[in-house]
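# Sequence and predicted structure, then a few things I'm wondering about:
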Amino acid sequence: MSRTMTEEILSSVSMSDIAARLGTDEDTARQATEAALPTLLAGLTAQASDPSRALGLAAAVREDHDGDLLDSNDPIGRVDPDEGDRIVGHVFGERRGGVEQELQGFLGGGSGDLVGKLMPMLAPLVMAYMKKKMTGGGAGGGGGLGDLLGSVLGGGAAGQATGGGGGLGDILGSVLGGDDAPAQDRGDGGGIGDILGSVLGGGKDDDAQGGGVLDNVLDGIRDKQKTSSPLDDILGSILGRR
């Protein structure tokens, strides 16, 4: 059985190390990590919903990140905090402060700047996960950036249908337990709306465009996060619901 992104990252890092770096206990560190990962993913999803930004995301994943990071002996120790900070800033832009504040509130407040420290720690791991899946999950080799983006998006870049598995739809669809079947096997056009509709395990709606995509994303969050309402608000603000 394939593992989700959260499961793979949690199994690759030492929670005691994360807790020590955050200055908190392991339970708090785990709760924060399990909330921060889908929040980062939602930010990347918002980036990927814009074709030009999706192009930049594909290039960044391919050229700037190490897919072997999660397989190393000390992934957290290898993370460059400055690089992580740049990733988080790029993903959330001017919304960053609000996102971190709301996520801190979701976790119960207190603990100082726990989220502000954690997000840059996790962001390179998320990018490494994507790179690993792109290079090891059937993404076409030898092609240019257009070919790469086509495979990353699972067949939805700029209206071009592409074949082959290992796309971003496949990666994101399995992140938190969604359907990990290739986009072309889901009986639809494989467009970005359909891809994002399966990001966090939400069921695909025939009208999965715009708000429908977000509803599917948030439905997946509800299934995975038992206390979902505050996190729904955070992810809704990231993806433009509010």
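Yep, that arrived.
# Just the helices from the chain, written as ranges.
Remark: helices assigned in the chain by DSSP state H are 5-12, 15-22, 26-48, 51-64, 75-78, 81-92, 96-106, 114-136, 145-152, 168-173, 192-197, 211-224, 229-238.
# Going by mean pLDDT, which of these comes out lowest?
Lowest mean pLDDT of these: helix 192-197, a mean of 35.
# Quick one: residues contacting residue 10.
Applying Cβ atoms under 8 Å, 6 or more residues apart in numbering, we find residue 10 in contact with 30, 33-34. Where you see a C-beta, it was placed from the backbone N, CA and C, and this is true even at glycine.
# Check the gap between it and residue 16 for me.
As judged by Cβ to Cβ, to the nearest Å, residue 10 and residue 16 stand 12 Å apart.
# Against residue 30, how distant is the nearest residue to residue 125 once chain neighbours are set aside?
Once flanking residues are discounted, residue 125 sits nearest to residue 9: 5.3 Å by Cβ to Cβ, 6 or more residues apart in numbering. As defined by Cβ to Cβ, residue 9 lies at a distance of 11 Å from residue 30.
# between those two, which one's more packed in?
residue 9 (20 against 14; other Cβ atoms under 10 Å).
# didn't that one look like it was pressed against residue 36?
No - contact criterion Cβ atoms under 8 Å: residue 9 and residue 36 do not qualify, at 10.3 Å.
# Spit out the residues that contact those two alike.
Common neighbours of residue 9 and residue 36 (Cβ under 8 Å, 6+ apart) are residue 122.
# What about residue 53, how many residues nearby?
Using other Cβ under 10 Å, residue 53 has 14 neighbouring residues.
# try the one 10 residues further on
Counted by other Cβ under 10 Å, the residues lying close to residue 63 total 10.
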